[in-house]
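Visitor: Model the following, please.
(one chain, ligands or ions: 1)
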Amino acid sequence: MNVLVVSDAVSPLVYDEAIRERFPDVELVFSCGDLPYDYLEFIVTALNVPLLYVHGNHDRPLMTDGIDLTAPRGCINAHRRVVEAQGLLIGGIEGSPRYRPGSPFQYTNWEVRGHILRMCPRLLANRLLKGRALDVLLTHTPPRGIHDHSDPAHQGFPALCSFIRRFRPRYLIHGHTYPRRGMAGRSTYLGTQIVQVQGHALVELEPWDPDGEG
Ligand SMILES: [Zn+2]
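Guide: Residues are numbered from 1 along each chain as shown. Model prediction:
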């Protein structure tokens, strides 16, 4: 299944009237945060497929047509939830590490553990009823030690490593950090494919295979 992933920077190839011709086979859109809400609304309107998102640390309300937009309209916020879309089970964790007190969408590792705790009943029920906890975890920040940087704002969350160990999503897709020189922005950790996106990327996700590992 082809998924268009956007994150962190508006991509001129996406924010373009030819978007439908350029991405004809996209069945889902993911946003990993730090993007203007009207950009996401343009994408969901033009492609007319589900768009799931998490907020990034730079997301702020947008004043448009006299309305104070606090979230993109017509899109699905995946934060602390597990949502089923196009046959995939998709969860989300928003935000970055806390580096400025009082700012929105910034969390300590303990707070991220709290978010995960909120998702646990649904994850465990999915494992029992659907054979796996989830297929994709959408995050803004990467797991600690994978695609992250050493400065406080761009360190990964250790809680996301624990999440992978416990729930084994097939994919974790994130933004927030930039690929290092010579690195493709793709890693594997305990069988989970970690995909880093800046701007936009077309990502092909394997459908759920009940006979595979889960
Ligand atoms: Zn960010």
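Visitor: Which positions in the worst-scoring helix or strand of the chain on mean pLDDT come out as buried?
Guide: Taking mean pLDDT, DSSP states H and E as the measure, strand 62-64 is the helix or strand of the chain with the lowest mean score, a mean of 78. Using 16 or more other Cβ atoms under 10 Å as the test for burial, strand 62-64 gives L62. All C-beta spots, glycine's among them, are computed from the backbone N, C-alpha and C.
Visitor: who's in contact with the residue nearest to the spatial centre of the chain?
Guide: Nearest to the mean C-alpha position of the chain, by Cα atoms, centre = their mean, lies L138 at 2.6 Å. Each residue near L138 by Cβ atoms under 8 Å, 6 or more residues apart in numbering is listed here: F30, C32, L52, Y53, V54, A78, I90, G91, G92, I93, I173, H174.
Visitor: And the pLDDT at the first one?
Guide: If I follow you right, that is F30. On the pLDDT scale, F30 is placed at 98.
Visitor: if we can go back for a sec, quick check: closest non-adjacent residue to the residue nearest to the centre of the chain.
Guide: Nearest in space to L138, with sequence neighbours left out and distances taken as Cβ to Cβ, 6 or more residues apart in numbering, is G92 at 4.3 Å.
Visitor: How many neighbouring residues does the one you found have?
Guide: Using other Cβ atoms under 10 Å, the number of residues around G92 comes to 29.
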